[in-house]
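K.L.:
kindly generate the corresponding structure for this input.
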Amino acid sequence: MEKLVIHVPEAKSALVKALLKELGVAIEWNPMEKEAYLKKITEMPAWSEEDVNAFEEAIKTMNGLTTVQ
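P.N.:
Sure, this is the predicted structure:
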């Protein structure tokens, strides 16, 4: 069986679930609450100025490259 992740508008969720069940699709539901999501992203470490500078330098270098024809 293949695993598929889809994003369904909340208003159409029940319809899509009913259709998928009729087709014999097993639905795995693992909702993440808004509060849990916000907590998770606030616990992510911030990038240091050094990290940001490294990316900016890499972007400048890549933008300065030319293709050989």
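K.L.:
just give me how far the least confident helix or strand in the chain by mean pLDDT sits from the chain centre.
P.N.:
Lowest on mean pLDDT, DSSP states H and E among the helices and strands of the chain sits helix 34-42, with a mean of 80. Relative to the centre of its chain, helix 34-42 is centred 14 Å away, using CA atoms, centre = their mean, to the nearest Å.
K.L.:
after that helix, which helix or strand is next?
P.N.:
Note on helix 34-42: by DSSP states H and E, the next helix or strand toward the C-terminus is helix 49-64.
K.L.:
alpha carbons of that next one, as CSV, please.
P.N.:
What follows is helix 49-64 as a C-alpha-only set of coordinates in CSV (Å, rounded to 0.1, in the frame of the first residue of the first chain):
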residue,chain,number,x,y,z
GLU,A,49,24.5,36.1,12.8
GLU,A,50,27.4,33.9,11.7
ASP,A,51,25.0,31.3,10.2
VAL,A,52,23.1,34.0,8.3
ASN,A,53,26.3,35.6,7.0
ALA,A,54,27.5,32.2,5.7
PHE,A,55,24.3,31.8,3.7
GLU,A,56,24.5,35.3,2.3
GLU,A,57,28.1,34.7,1.2
ALA,A,58,27.1,31.5,-0.5
ILE,A,59,24.2,33.2,-2.3
LYS,A,60,26.6,36.0,-3.5
THR,A,61,29.0,33.4,-4.7
MET,A,62,26.4,31.4,-6.6
ASN,A,63,24.9,34.5,-8.1
GLY,A,64,28.4,35.5,-9.4
